[in-house]
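**Q** Need coordinates for the below:
(one chain, ligands or ions: 3)
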Amino acid sequence: MAVQDFLIASLVLSCLAASSYGTSFSSLPATLIVSASTKQGQVLKAGEDKITVTWSLNTSLQNGTDSAYKTVKLKLCYAPVSQKDRGWRKTEDDLEKDKTCQHKIVAQPYSPSNNNFTWTVQKDVPTATYFVRAYVHNSADEEVAYGQTTDVHKTTNLFKIQAISGRHVSLDIASVCFSAFSIVSLFGFFYLEKRKSKSSQQN
Ligand SMILES: *[C@@H]1O[C@H](CO)[C@@H](O)[C@H](O)[C@H]1NC(C)=O
Ligand SMILES: *[C@@H]1O[C@H](CO)[C@@H](O)[C@H](O)[C@H]1NC(C)=O
Ligand SMILES: *[C@@H]1O[C@H](CO)[C@@H](O)[C@H](O)[C@H]1NC(C)=O
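**A** Ligands and ions are numbered 1, 2, ... in the order given. You can find the predicted model right below:
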């Protein structure tokens, strides 16, 4: 193998390797103090209730800690009780693979203080127990720090979200069935009309 080929091959391999691994969560410092308007155990209704999230830099850190901070992305994350036996919500240290925080709340430019955002729980959020985590990204969009509304063990300040009730779902199903029925009957009507006109032409 020529030296150039070898170089190209290793370049491609290292690019592949670089793209398939994300930042490890355990390497991130918890420098943001994040709190939510929710009370421990509170139940919020999806599509109706609101959460206000407030965040700021921990002021007892050294000056310059936040010099590379560019954006803050708030996410809704599953508490361990709602991850049990659900591989699709599993926590992985590699943030590319982590499925703890699947619902984006908002992304905002970083500022060390006076940050707050009020979010209406989206209708597609499933029933589960949650907390809020804020990821800090640098200008290369890499995670560099975080903060969350719960403790490291994810047991305090958790809240529940109740998905859209069964009544709404059955209404949705009923309307889908009804539209399908209308389309079928429309086609049926055209078919019958055609046959009728054909047979009248033949007579
Ligand atoms: C802020 O940072 C200091 C120093 O690292 C730490 O001792 C303290 O617990 C932090 N405060 C909060 C609320 O996380
Ligand atoms: C951090 O910055 C503030 C204001 O810019 C200054 O008053 C303080 O002395 C600085 N602290 C350190 C440890 O450099
Ligand atoms: C909430 O955010 C607004 C700007 O969006 C800011 O002016 C205000 O001071 C913030 N309030 C708190 C309590 O942080």
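**Q** which parts of the protein sit against ligand 1?
**A** Counting by Cβ under 6 Å from any ligand atom, the chain comes close to ligand 1 at 33, 58, 60-61. (Glycine included, C-beta is placed from N, CA and C.)
**Q** Look at Leu192 and tell me its secondary structure.
**A** With DSSP: H, G, I helix; E, B strand; the rest coil as the basis, Leu192 sits in helix.
**Q** Just to confirm, what confidence does the model report for it?
**A** Here the pLDDT value assigned to Leu192 is 70.
**Q** residues in contact with Thr23?
**A** 94-95, 142-143 (Cβ atoms under 8 Å, 6 or more residues apart in numbering).
**Q** any idea which of the residues you listed is the one closest to Trp119?
**A** For the contacts of Thr23, the minimum distance to Trp119 (Cβ to Cβ) is 20.4 Å, reached by Glu143.
**Q** For the closest one, list each beta-bridge partner.
**A** As for beta bridges, Glu143 partners with His137 under DSSP bridges.
**Q** what number of residues lie near the closest residue to Ser24 other than its chain neighbours?
**A** Nearest non-adjacent residue to Ser24, counting by Cβ to Cβ, 6 or more residues apart in numbering: Asp93, 4.9 Å away. Asp93 is flanked by 12 other residues according to other Cβ atoms under 10 Å.
**Q** separation between Asp93 and ligand 3?
**A** 32 Å (Cβ to the nearest ligand atom, to the nearest Å).
**Q** With Arg89 instead?
**A** For Arg89, the distance to ligand 3 - Cβ to the nearest ligand atom - is 31 Å.
**Q** Would you agree that residue is in contact with Val81?
**A** No - Arg89 is not in contact with Val81 according to Cβ atoms under 8 Å; the separation is 10.8 Å.
**Q** Tell me which of the two has more neighbours.
**A** Under the criterion of other Cβ under 10 Å, the comparison of Arg89 against Val81 puts Arg89 first, with 20 against 12.
**Q** Tell me, please, where in the chain the pLDDT is lower than the cut-off.
**A** 1-21, 165-181, 183-184, 186-191, 197-203 (pLDDT under 70).
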